[in-house]
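J.: What follows is a predicted protein model with its sequence.
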Amino acid sequence: MTQLTNIPAHLKKTDLTHLLKQMWQIRFFEEKVDEFFAKGMIHGTTHLAVGQEASAVGSIAVLQERDKITSTHRGHGHCIAKGAEVNRMMAELFGRTTGYCKGKGGSMHIADVDKGNLGANGIVGGGFAIATGAALTSQMKNEGYVVLCFFGDGASNEGSFHEALNLASIWKLPVVFVCENNQYGMSGPAKEMMNVEDVAKRAAAYGVPGKVVDGNDVFDVMNGVGEAVERARNGEGPSIIEAKTYRWKGHSKSDAKKYRTREEEQEWRAKDPIARLRDALIGEGLLTEESAAEIKAAAKKEIEDSVEFSKASPMPTIEDLMEDIYA
Amino acid sequence: MAKEIFMPKLSSTMQVGTLLQWYKNEGDSVDVGEPLFEIMTDKINIEVESYEEGILLKKYFEEDEEVPINHVVGYIGEAGEPVPDAPPGESGGSQKADDISDSRQAQVEDLTEQGISETSAQQETADANGKKLRATPAARRIAREENITLSEVSGSGPNGRIHQADVMSFASTEQPVKATPLAQKVAAAEGVDLQGIKGSGANGKIKRTDVENAIPPDASPATTTAKRVKMEGIRKVVAQRMLQSKTTAPHVTLTTEVDMSQAISLRKQLLEPIEQQTGYRVSYTEIIMKAVAFSLKQHPHINVSLEGNEIVYKDEINLGLAVAVDNGLIVPVIQHVDQKGLSALTADCKRLGIAARDNKVKPQEMSGGTFTVSNLGMYAIDAFTPVINQPESAILGVGRINEKPVGVNGAIELRPMMVLSLSFDHRVIDGAPAAAFLTELKEVLEQPIKLLV
Amino acid sequence: MRELTYLEAVREAMSQEMRQNEDVFILGEDIGVYGGAFGVTRGMIEEFGPERIRNTPISEAAISGTAVGAALTGMRPILELQFSDFMTIAMDNMVNQAAKIRYMYGGKGKVPMVLRTPAGSGTGAAAQHSQSLEAWMAHVPGLKVVQPSTAYDAKGLLKAAIDEDNPVIFYEHKLCYKTTSDVPEELYSIPLGKADIKREGSDVTIVATAIMVHKALEAAAKLEEQEISVEVIDPRTLVPLDTETIIESVKKTGRLVVVHEAVKRGGFGGEIASTIAESEAFDYLDAPIMRLGGKAVPIPYNPELEKSAIPGVDDIVAAVKETLNRH
């Protein structure tokens, strides 16, 4: 297994164990959701980020609490990393009134505006301009926050990517565009869908920095995104950080994964971002086997509790249908 | 081929209809939309119009006979066409081949149902030649309000479309008296002038019974002095239902006396605001109904009905209001009384009361009741034993308000007292809960401020 | 009171509001020193500076999404689209984002933005710059739709639209820009959802929108000479729609003619006609409801053809007389 980048010196032990715990939470949350979908206990569709935990956790780890994010259809990980309560997330997938959207949004629309999560988005590329607008508010009102805009390799082929990048670059807005390149836009391999190897290279067209990081190396992600956030906060404008990673599961629940090979999947599974972090922390003597197992168990229990919380939560009533609509 | 005339199903509960009178004799020619016969259902009397044209070939039933829904009543066709001698039973029956599957059969029935609804919807939609009648909604509304038969109005619009102005100018010119052919014959035989007789049929049409009732006593051919009136129409329905209720439901009646002082002052305070809002004066009936609805909500055991082996707890509180009409009693229902304020309630009660006296209550306005109030307070009646209006399980009788000496804190005072009589069906309601309900009702009427709680 | 043009009234509402509310700003193409495609923002950059009169690149997708993002984070943006035809390129952000965010997020998050845009034909700009597409927006739950016809209404409705906490599409008819009316100097608000009876009458009700209000009033004056009394109602806002005023009027007159410039097929006139057919006014109808709308054809360039593609005063006169059986 490949070694992780050196642990950033400023990180304390508590920060490091927190990173590990969040990654486990994401892993267990997604696995649990997968299980309930398979059992037919959750309906609709969902997009799981198993295998991509490091890019979500590492990117958000360098943010301040006031900073904001826009997320994607594969957004559960971003949401957890930004500090959302897993109970309310799971309840949303169960369609309960205690969910983040009172059961009206579901998997693709979880938002936690108070905590700076401006929302997942069911439209591929829907977040670029919204993040740009949020960054405009920060600039106009001198609020000092930075907006982190997550997107996938597929979304970088949407027109909105180019329009928003251009706009953010000319206005030098405090926004960082984080591409989680998981190699496939649904079934479309990135290498067939664009004529450049790296999404980050597209930054050149807008005169902004573009950098590739190892998306399964939480510290590499932190270093890359951290630098871009710093730059944005200093008024130097946007950047693109491209985290190369891989989704272990299919695109959505109905994906037979015919477009890729078992071997390729095994290759990436060997680069499991969680195992790499865990081993690194134990190797550095920052964590014992026992404490690592405790962190994992605690994360797992939280997810299991969230299921109980959701099952015990009330369903919306028909009267709730027309609530929160104004026109 | 001769076309069947059948007994239409006019409501979800209707099983049979009673043939009240034929407007046509065998051999008469019939146009589409022309009234053929009048029937009575469990809820209303209605004229059945033809949706075929031709000669009335056969009538299988005479007046006052009961006919199950969908059964063939007669045939219309061309003169000389063969028709069965005996009633063929259910409509469509003779065409059913043995190999028709159940689903096909169901389709046939569905189609028949559609046919029926079209028939009833055809009221006022066809002109004298059976063509679709063109009239604007406004013209139709005015015609409805003024009891004008649209087919008699000529339209000034494109393709003869009748406009509001056409109906109004028609209304301002005097119209000939409308009477059924039978009524005209009776009137001619008895020498009765049809002018001046109030018709009880649809649109004020004069029926045979109207003419008979108008025959002066000395002109009557009867040899005895006792007047004999045939049980029919509403009278007959009331008789059947009363008998049914009294013979199936063991009635128990509880009475209590209510001090109406505060209810009287409440009504005084409400008179003006409600009249301003609705144009109607609130009466004790509405205040009592409001209190009944309030008390029923607290005592769901009273708001029940017996269906087969099950006691059904009604989730709505819809109160019947017994209204005396000329030849009987009808009970329009005010829906959701518990959710209505006194002014809405007043408006509903008055409107339905007037409609009932004018014989204009729609079938749906007489269904769905869960409890009935019968007020005889306008007479010198203190208490009585009302008969339950089934399928409800209880009924409240309201007596007059009368000043009586009562003991108040050790002194005798004159207080306006009123007796309430609650009859209930002991099969489904026990004495104690009925007494508790009546006690609550008494307390609410004595302290109507509770209605605000 | 002084007279202002419709165009000046729109500008005045924005300027007065911007003087008292720092959160309000305008973004759009060529709205700076150029003053906007129709000159609505002329002079505003001089007063408010380029920060608040934001000249944008030609990127309708980015600027509409940026407005959504800025609104979601506390600003009250006014977005100017040069022609309402360009709504097609901003559609995703209006329909899939702005309209749905509040509901989708379970009531959290609000999008107080106004999209102002000139609509309609009559300028010889032909098929891609002359459409009236308001029915599209009115169809989408979550968007309010405003169509002022006079300078007075434009100022008051724009103030209400800016104050509204939800997205508003504000259609300005190009031919209305030069019309004048008395406009109070102070800022005032006309509630969204309140129709205006532009002329009282007793024989026929005309419901007309935007430029057709003026044509309907002209027709009413002609009809008065023939002793036909016409009531002209301007709904002013399509969403919310003041159905009560229209129903009451039709109950009074018994006749309804609906006129809009938008193509009749699938146009909003169908909504108004159906509303009446479903309402208690049905029983008062004494003639079939008539709809006048644009012909189902792209707006042509030739001025005579352009005129004949949409309802004119004579068409309205004829329709009114037809409902009265007068020829």
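T.: Thanks, I have it. Numbers count the residues shown, from 1 in each chain, chains lettered A, B, ... in the order given.
J.: Near residue 293, how many residues? Count them for me, please.
T.: All of this is about chain A. Neighbourhood size, A:Ala293 [other Cβ atoms under 10 Å in any protein chain shown]: 12. Any C-beta I mention is one placed from the backbone N, CA and C, and that applies to glycine too.
J.: To clarify, I was referring to chain C.
T.: 23.
J.: Settle this for me: it is touching C:Gly266, isn't it.
T.: No: applying Cβ atoms under 8 Å as the test, C:Gly293 and C:Gly266 come out as separate, 9.3 Å apart.
J.: Just give me the neighbour total for the residue nearest to B:Lys9 when sequence neighbours are not counted.
T.: Nearest-residue entry for B:Lys9: B:Ile69, 4.3 Å, with adjacent residues in sequence omitted and distances by Cβ to Cβ, 6 or more residues apart in numbering or on different chains. Counted with other Cβ under 10 Å, the neighbours of B:Ile69 add up to 19.
J.: Please look at B:Ile69 and B:Thr18 and confirm they touch.
T.: No: the pair B:Ile69 / B:Thr18 is not scored as a contact, 11.8 Å apart, by Cβ under 8 Å.
J.: Which pLDDT value belongs to A:Val33?
T.: At A:Val33, the model reports a pLDDT of 93.
J.: What helix or strand is it located in?
T.: Per DSSP states H and E: A:Val33 is located in helix A:13-39.
J.: repeat for C:Glu306
T.: helix C:303-308.
J.: C-alpha coordinates for that helix, CSV please?
T.: Provided in CSV are the C-alpha atoms of helix C:303-308 (Å, rounded to 0.1, in the frame of the first residue of the first chain):
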residue,chain,number,x,y,z
PRO,C,303,-43.2,45.0,-39.7
GLU,C,304,-46.6,44.2,-41.2
LEU,C,305,-46.2,40.5,-40.6
GLU,C,306,-44.9,41.2,-37.1
LYS,C,307,-48.0,43.2,-36.3
SER,C,308,-50.3,40.6,-37.6
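J.: Show me what that helix is in contact with.
T.: C:Ser121, C:Gly122, C:Gly124, C:Ala126, C:Ser130, C:Lys295, C:Ile299, C:Pro300 (Cβ atoms under 8 Å, 6 or more residues apart in numbering or on different chains).
J.: Sort out which residues of stretch C:60-78 are buried, please.
T.: By 16 or more other Cβ atoms under 10 Å in any protein chain shown, the buried positions in stretch C:60-78 come out as C:60-73, C:75-78.
J.: can you pull out the strands in the stretch 201-350 of chain B?
T.: B:251-259, B:304-307, B:310-313, B:319-321, B:323-325, B:328-330, B:333-334 (DSSP state E, counting those that start in this stretch).
J.: Where among these is average confidence lowest?
T.: strand B:328-330 (a mean of 81).
J.: ok, and the closest non-adjacent residue to A:Gly95?
T.: Sequence neighbours aside, A:Gly103 is the residue nearest to A:Gly95 in space, at 4.1 Å (criterion: Cβ to Cβ, 6+ apart).
J.: Let me see the contact set for the one you found.
T.: With Cβ under 8 Å, 6+ apart, A:Gly103 has these contacts: A:Ala91, A:Glu92, A:Phe94, A:Gly95, A:Arg96, A:Thr97, A:Met315, A:Pro316, C:Gly106.
J.: for the strand or helix carrying the second one, packing partners?
T.: Under the criterion of DSSP H and E, A:Glu92 resides in helix A:86-93. Applying 3 or more Cβ pairs under 8 Å, 6 or more residues apart in numbering or on different chains; DSSP states H and E, one finds that helix A:86-93 makes contact with helix A:13-39, helix A:76-81, helix A:289-312.
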